[in-house]
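Novice: Need coordinates for the below:
(one chain, ligands or ions: 1)
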Amino acid sequence: MKVSASAPGKAILFGEHSVVYGKPAIAVAVDKRARVTIKEGTNNTEVKIPQLDIEAVIDAESRRVTWMNSPQEAGKFDTGILEYIQVALSQLGTPLDGLKVEVDLEIPIGAGLGSSAAITVATLAAAARYTQQEVSLEALAHTAHQVELQVQGAASPLDTTVSTQGGFIYFTQEKGAMKIKPALEMPLVVGYTSKPGNTGVLVEGVRKLRETQPTIVNPILDIMEDLANQARKSIIQGEEKEVGELMNINQGLLDALGVNTEELSCLVYRARHAGALGSKLTGAGGGGSIIAYCPGKTREVLEELESIENAFPVGISSQGVTW
Ligand code: PMV
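Specialist: This is a model prediction of the structure:
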């Protein structure tokens, strides 16, 4: 038996960090996916992620991971990535013996593009097919969020929701996801630094800052809420310039929360210099990526960012998880 499922990565346009405090966020599913294939093997479970050069065996009983290829290299990528797969499989009661799990990963890891959520969602969907369980999209998104919580500690359900649902999403913890119909083109370019950010550590940093400076940080979070709401209107009404402007303000506030870095700032300003209407860090920050909104200037922004770091254009994927 052989089954597959795939799920997209995501990019946050507005509301990272403030979403943790119940504020709205706007995010898109991107046209880069994680595809998970599960088939019958022998004895223990083998996991392969060729793009990361990861080949490992998980012992069915002890759950110990043995690296089959260059363990130092694999260790560099943090065994965490395997943990998402392992925990996801166990959530659905999938027996951990005799499986061959292969992940085809188009999303760069640690770049704030939701690779762990996409891997988790796709693994859960593939495991549900493998064990012939009916799972609704809501249940899948909920279970995927539980997996993220278990593996990384702090996490809002934003990434797992966007990866499950696909499309252009306005999200609040209270009401979940609502699809947005943009009245404008959304040419986006991502530039990513080679240094990954650690989401758990950054979320914790903001929590501490809010605790020590509540009268400063709470109003910042309130303004981030206004930004996301204003941006939603501008996107629906097709107001390009405003969308860019709001992204730039959001970047300033993320900097104030302490999650910006010099490398990210450099990419942000170079993107604007090359003609982006708006640019900001995307995801947890502390490294990872920026996203630039560049109507009519995609090539210029891409070339500018590529001259410093890695960059690629991202399309919006209307397709969430498929299996
Ligand atoms: O690091 P990422 O791309 O998973 O983004 C995290 C977004 C935060 O708002 C900082 C945290 C969260 O769980 O929502």
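Novice: C-alpha only now, for contacts and for neighbours.
Specialist: Will do.
Novice: ok, now which ones touch the residue nearest to Arg129 when sequence neighbours are not counted?
Specialist: With sequence-adjacent residues excluded and distances taken as CA to CA, 6 or more residues apart in numbering, Arg129 is closest to Val3, at 6.6 Å. Each residue near Val3 by CA atoms under 8 Å, 6 or more residues apart in numbering is listed here: 37-39, 126, 129-130.
Novice: Including neighbour count and secondary structure, could the residues you listed go into TSV?
Specialist: Below are those laid out as TSV (neighbours: other CA atoms under 10 Å; DSSP: H, G, I helix; E, B strand; the rest coil):
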residue	neighbour count	secondary structure
Thr37	23	strand
Ile38	22	strand
Lys39	16	strand
Ala126	26	helix
Arg129	18	helix
Tyr130	18	helix
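Novice: so which of the residues you listed comes closest to the ligand?
Specialist: Ranked by distance to the ligand (CA to the nearest ligand atom), the contacts of Val3 are led by Ala126 at 21.7 Å.
Novice: ok, the closest one touching Arg35?
Specialist: No. If you go by CA atoms under 8 Å, Ala126 and Arg35 don't touch, sitting 9.1 Å apart.
Novice: anything in contact with each of those two?
Specialist: What both Ala126 and Arg35 touch, as defined by CA under 8 Å, 6+ apart, is the set 4-5.
Novice: ok, back up a step: tell me the secondary structure of the residue nearest to Arg129, please.
Specialist: Here Val3 is recorded as strand under DSSP: H, G, I helix; E, B strand; the rest coil.
Novice: Helices of the protein, residue ranges please.
Specialist: Here the chain has its helices, by DSSP state H, at 71-76, 80-91, 115-130, 137-152, 158-165, 199-212, 214-237, 240-256, 262-273, 298-306.
Novice: how about Glu309, phi and psi?
Specialist: Per-residue torsions, Glu309: phi -140, psi -160 (degrees, to the nearest 10).
Novice: how long is stretch 86-105 end to end?
Specialist: 17 Å (CA to CA, to the nearest Å).
Novice: mean confidence for that stretch?
Specialist: Here stretch 86-105 scores 87 as its mean pLDDT.
Novice: So which bits of stretch 137-156 are buried?
Specialist: Counting neighbours by 16 or more other CA atoms under 10 Å, one finds that the buried residues in stretch 137-156 are 137, 140-148, 151-152, 154-156.
Novice: List, out of the residues you listed, those positioned next to the ligand.
Specialist: 155-156 (CA under 6 Å from any ligand atom).
Novice: any idea how the protein splits into domains?
Specialist: Structurally, the chain divides into domains by automatic domain parsing as follows: 2-179, 188-314.
Novice: how about the last one, does it reach the ligand?
Specialist: Yes. Applying CA under 6 Å from any ligand atom, one finds domain 188-314 in contact with the ligand at 199, 203, 283-284.
Novice: so which of those comes closest to Ile180?
Specialist: Ranked by distance to Ile180 (CA to CA), the residues of domain 188-314 next to the ligand are led by Gly283 at 19.6 Å.
Novice: The closest residue to the closest one other than its chain neighbours: how many residues sit nearby?
Specialist: Excluding the flanking residues, the one nearest Gly283 by CA to CA, 6+ apart is Gly112, at 4.6 Å. Using other CA atoms under 10 Å, Gly112 is surrounded by 29 other residues.
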